[in-house]
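K.L.:
show me the folded form of this:
(one chain, ligands or ions: 1)
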Amino acid sequence: MKKLEGKIAVITGGSSGIGLATAKRFVEEGAHVVITGRREKELKEAAALIERNVTTVVGDVSRLEDLDRLYAVVKEKYGHIDILFANAGAGTIAPLAMATEAHFDQTFDVNVKGLFFTVQKALPLFKDGGSIILTSSVSNVLGLPGFSAYAASKAAVRNFARAWTMELKDRKIRVNCVSPGPIDTPALATTTGLTAEQAKQAAAQFASQIPMGRSGKPEEIAAAVTFLASDESSFITGVDLAVDGGMAQV
Ligand code: NAD
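P.N.:
As a prediction, the model looks like this:
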């Protein structure tokens with residue numbers, strides 16, 4: 001029996017990495033997915049990989065008018081949402097002494113403000129009894145040099161799940177975080193500002209801090225998100241599910 005048969009799911013940042021792997025898995029489990037990303041070409045390529053039951057909407061989650069456009073498409077096409085995976089996010093590396101205002105604003109605009117309004121603006125379309133999953137990060141409890149703005153933004157996301165669990169409980173909407181450890185996605189090489197060689201070194205250094213001795217695969221996050229999206233997790237809300245090979249657990 002498929003876990004998400006007939007469900008309507010919205011996934012932000014669905015064109016790459018964790019979001020794309022989750023979109024693929026959701027469709028395999030019987031869902032229809034609406035994926036967003038900032039670049040049309042990447043979104044179309046992602047849709048081709050997902051193959052079926054996928055709609056794409058180009059948009060930046062930190063722009064509220066783009067979110068309005070996204071949900072107008074969802075309303076017109078499906079009329080409601082069962083599952084929201086608020087996953088779009090990024091972070092450049094900047095030690096405190098060198099960080100600029102632009103670095104700070106960009107990090108919080110996408111990871112905090114963008115995610116906040118992604119969820120707020122979905123609520124009118126949300127079915128009672130649905131599931132919201134937020135992408136935080138193991139950095140929400142770690143002190144990682146160079147990642148302070150990013151980690152703080154992900155700690156904010158972790159707290160959103162607590163408050164929104166309370167605010168949405170009467171609608172029986174569950175809200176949980178998934179917190180990936182280091183995962184093999186394009187992010188480290190493309191969004192952090194590292195060169196390819198530095199990204200390789202950073203990945204090796206992270207792996208050395210992980211009890212399981214390796215970084216994770218996007219599909220391993222997708223499996224956890226599918227669990228949180230489905231009725232398999234029907235008595236789980238407000239949690240932060242770390243999928244990190246033990247990195248932040250020991
Ligand atoms: P990725 O770069 O492969 O994918 C990021 C996705 O988010 C892309 O689809 C991109 O288009 C989208 N995105 C970024 N900024 C956006 C914006 N302003 N508006 C709309 N879409 C935007 O990265 P990923 O590793 O799959 O990251 C997904 C999430 O997982 C992020 O929130 C990231 O912070 C988090 N995360 C990643 C790791 C890791 O090691 N890869 C670890 C912990 C948390």
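K.L.:
state the mean pLDDT of the lengthiest helix in the chain.
P.N.:
Counting by DSSP state H, the longest helix found in the chain is helix 148-168. Per-residue pLDDT over helix 148-168 has a mean of 98.
K.L.:
got it, and stretch 199-218?
P.N.:
The model assigns stretch 199-218 a mean pLDDT of 91.
K.L.:
what is the end-to-end distance of that stretch?
P.N.:
17 Å (CA to CA, to the nearest Å).
K.L.:
contact residues of this structure facing the ligand?
P.N.:
12-13, 15-19, 36-38, 60-62, 87-90, 110, 114, 135, 137, 180, 182-183, 185-187, 190-191 (CB under 6 Å from any ligand atom). The way it works is simple: take the backbone N, C-alpha and C, and place the C-beta from them, glycine included.
K.L.:
send the alpha carbons of the lowest-mean-pLDDT helix or strand in the chain over as CSV?
P.N.:
Least confident helix or strand of the chain, by mean pLDDT, DSSP states H and E, is helix 187-190 with a mean of 82. In CSV, the C-alpha atoms belonging to helix 187-190 read as follows (Å, rounded to 0.1, in the frame of the first residue of the first chain):
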residue,chain,number,x,y,z
ALA,A,187,24.6,22.9,-1.8
LEU,A,188,28.1,22.7,-0.3
ALA,A,189,29.8,23.4,-3.6
THR,A,190,27.2,25.9,-5.1
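K.L.:
what residues of the helix or strand that comes right after it count as buried?
P.N.:
Downstream of helix 187-190, the first helix or strand assigned by DSSP states H and E is helix 196-208. Buried positions in helix 196-208, judged by neighbour count with 16 or more other CB atoms under 10 Å: 199, 202-203, 206-207.
K.L.:
go through those residues and name the one nearest the ligand.
P.N.:
Distance to the ligand, by CB to the nearest ligand atom, is smallest for Phe206 among those, at 7.9 Å.
K.L.:
how about the contacts made by that closest one?
P.N.:
Phe206 is in contact with 181-182, 215, 247, counting by CB atoms under 8 Å, 6 or more residues apart in numbering.
K.L.:
again, only this time at 6 Å
P.N.:
When contacts are counted by CB atoms under 6 Å, 6 or more residues apart in numbering, Phe206 is found next to Pro182.
K.L.:
do Val141 as well
P.N.:
Contacts for Val141 (CB under 6 Å, 6+ apart) come out as Ala248.
K.L.:
pLDDT at it, what is it?
P.N.:
Value for Val141, per-residue pLDDT: 98.
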